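Q: Mind looking at a prediction? Sequence and model below.
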Amino acid sequence: MPHPVISARQLTKTYGDFTAVDAIDFDVAPGESFGLLGPNGAGKSTTMRMVGAVSTRTGGELSILGLDPNQHGPDIRSQLGVVPQQDNLDQELRVRDNLLVYGRYFGLPRKVIAERADSLLEFAQLTDRAKAKVDDLSGGMKRRLTIARALINEPRILLLDEPTTGLDPQARHILWDRLFRLKERGTTLVLTTHYMDEAEQLCDRLVVVDKGRIMAEGSPAALIREYSSKEVLEVRFGSDKNAEAALSLAGVGERLEVLPDRILVYSDNGEAALEAITRLGLEPITSLVRRSSLEDVFLRLTGRSLIE
Amino acid sequence: MTATTSTEQDFAPRRSALYAGNTRAVIHRGFLATRSTNGLVVLSGFFEPVFYLLSLGIGFGALVGTVQTSTGQEVPYAAFIAPALLAVSAMNGAVYDSTWNVFFKLNYSRLYHGMLATSLGPLDVALGEIFLALVRGAMYAVGFMVIMQVFGLNLAWTALLALPAVLLIAFGFASLGMAITSYMKTFNQMDWIAFIMLPMFLFSATFYPITVYPEAIQWVIQALPLWHGVELVRGLTTGALSPMMLVHVGYYLVMIGIGIVFTTSRLRALFLK
Amino acid sequence: MSALDQTPAAPLTAQTDAERALAAGIAPRRWGSWYVAEHRLRGMKGYLPDAIFQSFGNPLIYLFALGVGLASLVPQGVGGVSYLQFVAPALMATAAMTIAANETSYPIMAGFKWNPIFFAMNAAPISPAQIVNGTMIQLAIRIVVTVAIYFGIIILFGAVPSPAGWVAIFAATLTGLAIGAAQASYTSTITEDKGQMAMLQRFAITPLFLFSGTFFPLEQLPLWLQPLGWASPLWHGTELGRVFSYGLQEPLWLTVTHVGYLVVLFAVGLWATHRHFARRLNK
């Protein structure tokens, strides 16, 4: 790996007795798209705030662009773009004014800001909304404006905390497309998400976090290869009968996961597993064969579902 | 928030679209909501006129001595302003309750939309809100009159009648305030209400007789509601009864009538489209 | 897409990254407070016409009510000057206080909660202290402009006998800043709106307005109420304004005390607000 732009060693954050981030290690290479995948409360946002140089770490080492955020917060932040979990646009200003005002915070000349604001509005597909009030924008538009604002300083690293949470599917796809373009241009992306499809779409490499610790690390494909089978068979026997049926299924596939509403059978060949079940004389109400996803990886690692 | 949620899909035919005779439900919700908010905030409203009385009545009063009322009586300065402060606090309380409070419920919490989705009619809601404003006003008024009694500022037994007079004033402002609020769209417009109330507060014979102004200005002041309220209450607490007081009472009765008709038709226009 | 195309595609080494960051950090470190002030002034654009109208309307209303109306009850004047001359510096200081009280109540709470721009500023290279300082700069500008208009109207009423009267503008501004910083140090700690703003208004700002020797000399109050005035920044600010506006006779040490009290209150308020902002933004 070339010189990492972010490097964390034993990075720790505690609030009183509660340990939000528990001695984690990771590196992010320049131009890489790096994801933190985990359920709510896993410590993703806390990690992001420490990387964003606005939250002081309790322990360990952290270096961003070769600088220590404890001493160089403002300098580091001059090179970051931040898209927080909750939009914090200025609702009292209009769309374009939000970009103009924010650009000033980086000490940029007004002329440069004005030029960038126009091209960023275009990038965010908000040109015709330049004079609109922030309040009148849809959730997806606000998100895109927040991303445009985060790009006003042409950041080396773009931090995105749950970029598409709460958006409808269409808005999510527009946003993914924009983020993918940034990635193609070589911007380093660091994002948190609890959507595995998002992580699979956007991340070159990711860490799975739970309860402040890193459970696994790798590319989405590698993680699936390592922690799951090629395919998954989902079968339902009815709410009260799943557990009972699972007893008879022992030996089918490589591994079983019994959830309250269904049983997951991990196997490289889902159809074959289904045939094996039928041969046992069991008749599931519904059955579905699908590819393994990061959700399965997470389930395997933590015994819990990502979205609860 | 008891009445807002569950009944939005209640399309049962209304007994009367305007009035269902169920103002009680609105009042009940109001009491519950008050109980769950900060009681100290509600209580604090009582102190404002008391602070004014202490400051101006004692401090400024020491510079002034006595003042001549409109009926020619010489009274101590504190006894001159105390009834005015009583009328002003009735106005302020009623205006606050019927403007800011209603504005918020109308445009932000959308409480009325929920209420009117039930069998309640706009008039139930309007009367309920006004009644709540009056209860609050009455509590403040009674408290303030006790203070006046302690300081010896109730100069005659007729001061007892100041209580119903204060309620009349509050009723007038509350009913008109609601109607005006129904036209308001932004917080900024709401600020203007305060700005317009300021001169009325200062000029309506509250702190000094209006005889200092030229006659033309006096006519303007006498056309405004607060002056009638101040004169009415002052007449009662100083015991200087005069036939003019019937005019003051009449002014408020008309104001209440107009306010209710106006508010109801506005609410109907807004909600029963 | 010109701006985006400039993003370097080839990764730089960590060394040059750090150098770039240190260079880019210089301007925000130096000027950050002014960027914040600029932002907040821009935020006023929406209600600027109303603010201007009211900065002319309020003085007129108060001067007519107090300077003409209330003055008719005190024909002898106060302390050797007319009642209007006596009350004018108090009105200026009160106007400054009112603006400070408004600007440091909901706007501070909103910046953390309903319109959380403070977090956005802090995610850019702006420090918590710079956010506070920028807010104070904007407050100072707003107060100076409003009070200067007030002063102009008072001049038209002929209520400023002393040639040094204009210094009262700065006495009032200092008063507003001291009260603003003190109030901000409290409002920056509020996380839940339980009516604290109404309580502040009723139990702090209104009593300050009424018991600070504004409408009448403090000595007119009973002895047990007078300490309220001595503790009141508005009293110190008003008396200071009177010294310049009409040459109020008081010992020099007392004038120095007025200035000192206001400066110390401002400094302590600012220091506490810095701390509260830093704690709240650095989660």
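A: Looks like it arrived, so ask away. The shown structure was predicted, so the numbers you read here are calculated from the model rather than taken from an experiment.
Q: got the buried residues for stretch B:91-105?
A: For stretch B:91-105, burial by neighbour count (16 or more other Cβ atoms under 10 Å in any protein chain shown) applies to B:91-103, B:105. Every C-beta, even on glycine, is put in place using the N, C-alpha and C of the backbone.
Q: Closest one of those residues to chain A?
A: Nearest to chain A among these is B:F103, at 17.5 Å by Cβ to the nearest Cβ.
Q: what residues are up against the residue nearest to C:R40 when sequence neighbours are not counted?
A: Distance criterion Cβ to Cβ, 6 or more residues apart in numbering or on different chains; nearest residue to C:R40, sequence neighbours excluded, is C:Q138 at 4.0 Å. The neighbours of C:Q138, taking Cβ atoms under 8 Å, 6 or more residues apart in numbering or on different chains as the test, are C:V36, C:A37, C:R40, C:L41, C:E103.
Q: out of these, which one sits closest to chain B?
A: Relative to chain B, the closest of those is C:E103; by Cβ to the nearest Cβ it sits at 13.9 Å.
Q: Tell me which helix or strand in chain A has the weakest average pLDDT.
A: helix A:242-249 (a mean of 76; mean pLDDT, DSSP states H and E).
Q: In terms of secondary structure, what does whichever strand or helix holds B:A138 contact?
A: Under the criterion of DSSP states H and E, B:A138 resides in helix B:122-150. Applying 3 or more Cβ pairs under 8 Å, 6 or more residues apart in numbering or on different chains; DSSP states H and E, one finds that helix B:122-150 makes contact with helix B:23-36, helix B:47-52, helix B:77-98, helix B:111-116, helix B:162-181, helix B:244-271.
Q: What residues of the last one count as buried?
A: Residues B:245, B:248, B:251-252, B:255-256, B:259-260, B:262-264, B:266-267, B:271 are the ones in helix B:244-271 that count as buried (16+ other Cβ under 10 Å).
Q: Name the SS class of A:D22, please.
A: strand (DSSP: H, G, I helix; E, B strand; the rest coil).
Q: I misspoke; the intended subject was A:R9.
A: strand.
Q: quick one, strands of chain A?
A: Taking DSSP state E to define them, one finds strands in chain A at A:6-15, A:18-28, A:33-37, A:59-64, A:80-83, A:157-161, A:188-193, A:205-210, A:213-218, A:231-236, A:255-258, A:263-267, A:286-291.
Q: By mean pLDDT, show me the worst of these.
A: When the strands of chain A are ranked by mean pLDDT, strand A:255-258 comes last with a mean of 83.
Q: so how far is A:L36 from A:L159?
A: According to Cβ to Cβ, to the nearest Å, A:L159 and A:L36 sit 10 Å apart.
Q: Now for these two: what residues contact both?
A: With Cβ under 8 Å, 6+ apart, A:L159 and A:L36 have common neighbours A:M48, A:V190, A:L191.
Q: now the residues you listed in CSV, with distance to A:T19 and neighbour count?
A: Below are those laid out as CSV (distance: Cβ to Cβ, whole Å; neighbours: other Cβ atoms under 10 Å in any protein chain shown):
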residue, distance to A:T19, neighbour count
A:M48, 17, 23
A:V190, 22, 24
A:L191, 23, 25
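Q: Surely A:P2 is in contact with A:E32?
A: No - in this structure A:P2 lies outside contact range of A:E32 using Cβ atoms under 8 Å: 9.7 Å.
Q: Can you pull the residues of chain B lying near chain C?
A: For chain B, the contact set with chain C under Cβ under 8 Å from any Cβ of the partner chain comprises B:37-38, B:40-41, B:44-45, B:47-48, B:51-52, B:54-56, B:58-60, B:62-64, B:67, B:77, B:188, B:191-192, B:195, B:198-199, B:202-203, B:207-208, B:212-213.
Q: what about burial for these, which qualify?
A: Listed as buried from the residues of chain B next to chain C are B:41, B:44-45, B:47-48, B:51-52, B:54-56, B:58-60, B:62-64, B:67, B:77, B:198-199, B:202-203, B:207-208, B:212-213; burial here means 16+ other Cβ under 10 Å.
Q: Distance of A:G41 relative to chain C?
A: A:G41 sits 14 Å away from chain C, going by Cβ to the nearest Cβ, to the nearest Å.
Q: Could you count how many residues lie near that residue?
A: Per other Cβ atoms under 10 Å in any protein chain shown, the neighbour tally for A:G41 reads 13.
Q: Look at A:P2 and A:E32 and report which has more neighbours.
A: A:E32 (22 against 12).
Q: Tell me which residues touch C:P233, please.
A: Applying Cβ under 8 Å, 6+ apart, the residues contacting C:P233 are C:M97, C:T175, C:A178, C:I179, C:A182, C:L208, C:Y261, C:L262, C:L265.
Q: Wait, B:M200 touches B:L226, no?
A: Yes - with contacts counted by Cβ under 8 Å, B:M200 reaches B:L226, the gap being 5.0 Å.
Q: what about these two, which has more around it?
A: Per other Cβ under 10 Å, whichever of B:M200 and B:L226 has more neighbours is B:L226, with 23 against 16.
Q: how close does that one sit to B:L132?
A: Distance check for B:L226 against B:L132: by Cβ to Cβ, it reads 22 Å.
Q: How about the contacts made by C:P59?
A: For C:P59, the contacting residues are C:L91, C:A95, C:I149, C:Y150, C:I153, C:I154, by Cβ under 8 Å, 6+ apart.
Q: burial of residue 244, as a residue count?
A: No chain was given, so I picked chain A. Residues lying near A:E244 (other Cβ under 10 Å) number 10.
Q: meant chain C, my bad for not saying
A: When neighbours are counted by other Cβ under 10 Å, C:F244 registers 21.
Q: Mind pulling up the pLDDT for it?
A: For C:F244, the predicted pLDDT is 94.
Q: Could you do B:V26 as well?
A: Residue-level pLDDT assigned to B:V26 equals 69.
Q: Please identify the buried residues of stretch B:72-88?
A: The neighbour-count criterion (16+ other Cβ under 10 Å) identifies B:73, B:75-88 as the buried residues of stretch B:72-88.
Q: what's the answer for stretch A:125-133, then?
A: Result for stretch A:125-133 [16+ other Cβ under 10 Å]: buried residues A:L126, A:R129.
Q: residues making contact with that stretch?
A: Outside stretch A:125-133, the residues within contact range by Cβ under 8 Å, 6+ apart are A:Q91, A:R94, A:V95, A:R96, A:D118, A:L121, A:L137, A:M141, A:R144, A:L145, A:A148, A:I174.
Q: Looking at the residues you listed, which one is closest to chain C?
A: Closest approach to chain C among these (Cβ to the nearest Cβ): A:Q91, at 5.1 Å.
Q: Export the strands of chain A to JSON lines and append columns for distance to chain C.
A: Output for the strands of chain A, formatted as JSON lines (distance: least, Cβ to the nearest Cβ, whole Å):
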{"stretch": "strand A:6-15", "distance to chain C": "8"}
{"stretch": "strand A:18-28", "distance to chain C": "10"}
{"stretch": "strand A:33-37", "distance to chain C": "13"}
{"stretch": "strand A:59-64", "distance to chain C": "8"}
{"stretch": "strand A:80-83", "distance to chain C": "4"}
{"stretch": "strand A:157-161", "distance to chain C": "9"}
{"stretch": "strand A:188-193", "distance to chain C": "8"}
{"stretch": "strand A:205-210", "distance to chain C": "15"}
{"stretch": "strand A:213-218", "distance to chain C": "20"}
{"stretch": "strand A:231-236", "distance to chain C": "38"}
{"stretch": "strand A:255-258", "distance to chain C": "36"}
{"stretch": "strand A:263-267", "distance to chain C": "37"}
{"stretch": "strand A:286-291", "distance to chain C": "33"}
